[in-house]
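Undergrad: Okay, here's the prediction I keep looking at, along with the sequence it came from:
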Amino acid sequence: MTSSIMQGARILSLGSAVPDLRLSNKDISKMVDTSDEWIVTRTGIKERRILTDANKSVVDLAVLASKKALNKISMDPKNIDLIILATSSPNDLFGSASQIQDRIGAKNAAAFDLTAACTGFVLAVITASQFIQNGSYSTILVIGADTLSKWTDWTDRSTCILFGDGAGAAIIQACSKENNGIIGFQINTDGRQSKDLSIGYQESTKADKSTWPSNNNGQFKYIQMNGKEVYKFAISKVPNSILSCINKLNIKIEEIDWIVLHQANQRILDTVAEKLNISSNKMITNLNRYGNTSAASIPLALSEAVELNQIMYNDFIAISGFGAGLTWGTIIIQWKC
């Protein structure tokens, strides 16, 4: 859908952060029965970054990415009106955005978490753009950050090869209608497939029913994924979402300069490009170096592309996220920086 806007919204600055530790496919092959060739052939991933310090969390990565985005434009954090943290791995089940607000000194900002796994950054940008375009706020910090290594079963070969940790931040600011950069979006959900990618909660099997509810503590399980179903879902829904979104804007696929997808699997990226009949050169990817960083993957890739001067003023960018829920969504951006 598209919005009837009072004013425009554009991405003003980007920043990203990843842990120092590189975990290669060779390293993983010492943990489970796999090999570099097996992983690369099936996923395109060569290495991923892992947060190993027990005293560090998703907040530390999010703070670093946010400070980088602020520093690039010399913005005082007190000018931020709202912080939206897209994450599925908070360090506090009640939310982590308020910790970021405090640590970056954005004392005038409201802050909240948004949970939508790999679609999280897309939904957070859409939410921010609506607040700006209807006149509620003028400057919003959107962060996509996850540390799924903490929720990964490192004995499960099917999932431990996929995930890495990271964070990406975008400062979105009000602008004139003529300079509006976030021009269209579409979001969808199919809850029937929610179990195909999940981190479920399990009640304790050792609970003493006679003392319920005081001693009935359970815990969240590790990531569970039906890889075949998630793959079929992604290659079916993502191309249609992009085409539907650009058609509503009267934009042809040939006019799209760049595609930035959630970095889940190279085979998904290649198949989506094929279905859209676009050159793989238009597909921005850094999957081989970071793996699947969930809500962080899109801003990580976008931030790097901007730093490399791949993206130019007025370029059209189709951004699509997809994942747990199952959810998916597309944003069409015209770059205005």
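TA: Nice, thanks for sending it over. It should be emphasised that the depicted structure is a prediction, and the values quoted were computed from it without experimental measurement. Numbering: from 1, shown residues only.

Undergrad: What segments of the stretch 1-150 of the chain are strands?
TA: Per DSSP state E, counting those that start in this stretch, the stretch 1-150 of the chain carries strands over the ranges 8-17, 21-24, 47-50, 82-86, 110-114, 139-147.

Undergrad: Dump those strands into JSON lines; add mean neighbour count as well.
TA: For every residue, glycine as well, the C-beta is placed using N, CA and C. Formatted as JSON lines, the strands of the stretch 1-150 of the chain follow (neighbours: other CB atoms under 10 Å):
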{"stretch": "strand 8-17", "mean neighbour count": "23"}
{"stretch": "strand 21-24", "mean neighbour count": "16"}
{"stretch": "strand 47-50", "mean neighbour count": "24"}
{"stretch": "strand 82-86", "mean neighbour count": "28"}
{"stretch": "strand 110-114", "mean neighbour count": "19"}
{"stretch": "strand 139-147", "mean neighbour count": "31"}
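
Undergrad: Just put the ones you listed in TSV and tack on distance to residue 294 and mean pLDDT.
TA: Below are the strands of the stretch 1-150 of the chain laid out as TSV (distance: least, CB to CB, whole Å; pLDDT from 0 to 100):
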stretch	distance to residue 294	mean pLDDT
strand 8-17	14	97
strand 21-24	16	98
strand 47-50	12	98
strand 82-86	9	98
strand 110-114	13	98
strand 139-147	4	98
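
Undergrad: and the ones you listed as CSV, adding distance to residue 320?
TA: CSV is the format used below for the strands of the stretch 1-150 of the chain (distance: least, CB to CB, whole Å):
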stretch, distance to residue 320
strand 8-17, 16
strand 21-24, 27
strand 47-50, 21
strand 82-86, 15
strand 110-114, 17
strand 139-147, 14
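
Undergrad: Residue 248: which of the ones you listed is closest?
TA: Among the strands of the stretch 1-150 of the chain, the nearest to residue 248 by CB to CB is strand 8-17 (17.9 Å).

Undergrad: Quick check: which helices or strands does that closest one pack against?
TA: When contacts are defined as 3 or more CB pairs under 8 Å, 6 or more residues apart in numbering; DSSP states H and E, strand 8-17 sits against helix 58-72, helix 120-133, strand 165-175, strand 182-189, helix 297-307.

Undergrad: Could I get the full set of strands for the stretch 151-300 of the chain?
TA: Counting by DSSP E, counting those that start in this stretch, the strands of the stretch 151-300 of the chain are 165-175, 182-189, 197-198, 201-202, 219-220, 224-225, 258-261, 283-284.

Undergrad: Packed most tightly, which of the ones you listed would that be?
TA: Neighbour counts (mean count of other CB atoms under 10 Å) averaged over each of the strands of the stretch 151-300 of the chain peak at strand 165-175, with a mean of 27.

Undergrad: Let me see the contact set for residue 333.
TA: Listed by CB atoms under 8 Å, 6 or more residues apart in numbering, the contact partners of residue 333 are 11, 181, 182, 183, 316, 317, 319.

Undergrad: swap in residue 278?
TA: Residues in contact with residue 278, defined by CB under 8 Å, 6+ apart, are 253, 256, 259.

Undergrad: so what's the spatially most central residue of the chain scoring on pLDDT?
TA: By CA atoms, centre = their mean, the chain has its centre lying nearest to residue 295, at 2.1 Å. We have a pLDDT of 98 for residue 295.

Undergrad: Turn the strands of the stretch 151-300 of the chain into TSV, columns for mean pLDDT and distance to residue 57.
TA: Conversion of these to TSV gives the following (pLDDT from 0 to 100; distance: least, CB to CB, whole Å):
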stretch	mean pLDDT	distance to residue 57
strand 165-175	98	10
strand 182-189	96	28
strand 197-198	91	22
strand 201-202	80	20
strand 219-220	81	15
strand 224-225	90	22
strand 258-261	98	26
strand 283-284	97	28
